[in-house]
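1. Pasting a predicted model and its sequence here:
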Amino acid sequence: MTTKKLILQPKKECFFCGTTVGLHRHHVFGGPNRKHSEDFGCVVYLCGDHHNLSNQGVHLNKHMDLLVKRYAQKVFEETYSHDEFMKVFHKNYLGGDDDGI
């Protein structure tokens with residue numbers, strides 16, 4: 001399969017607040033899936049506060065992290081499929097209401 005890079009953001013701005021200042025490039029699915037995030041384009045731009053410099057950042061706030069993961073999964077599945085997402089990332093972020101989001 002040829003990997004098509006996803007475009008999660010049309011402009012280089014913070015995913016949450018829209019600022020274009022002090023942006024960090026964030027791999028949506030990290031750890032062992034960081035390379036897959038890079039290969040498929042599952043990356044977003046975040047300001048420092050929404051990345052890792054405050055409790056509103058995706059690295060410190062489960063709610064914010066899940067919002068980005070769900071968005072990336074939705075875009076991925078629109079391009080590929082749910083089965084392909086599960087094969088690559090091994091976890092479904094769209095299902096269940098038990099996470100409070």
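-> Looks like it came in fine.

2. Any figure for the gap between residue 60 and residue 53?
-> Applying C-beta to C-beta, to the nearest Å, the value for residue 60 to residue 53 is 9 Å. Yep, even glycine has a C-beta here, placed from its N, CA and C like the rest.

3. Next: residue 78.
-> Distance from residue 78 to residue 53, by C-beta to C-beta: 31 Å.

4. who has more neighbours, these two?
-> residue 53 (15 against 9; other C-beta atoms under 10 Å).

5. tell me which element that one falls in.
-> Secondary structure assigned from DSSP states H and E places residue 53 in neither a helix nor a strand.

6. Repeat that for the one 5 residues further on.
-> Under the criterion of DSSP H and E, residue 58 resides outside all helices and strands.

7. For the chain, which segments count as helices?
-> 34-40, 48-51, 62-79, 82-89 (DSSP state H).

8. ok, and which of these has the densest surroundings?
-> Mean neighbour count (mean count of other C-beta atoms under 10 Å) peaks for helix 48-51 among these, with a mean of 20.

9. centre of the chain versus it, how much separation?
-> With C-alpha atoms, centre = their mean, to the nearest Å as the basis, helix 48-51 stands 14 Å off its chain's centre.

10. how about the residue nearest the centre of the chain, what does it touch?
-> Centroid-nearest residue in the chain: residue 28, 3.1 Å away (criterion: C-alpha atoms, centre = their mean). Each residue near residue 28 by C-beta atoms under 8 Å, 6 or more residues apart in numbering is listed here: 8, 37, 42, 43, 44, 68, 69, 72.
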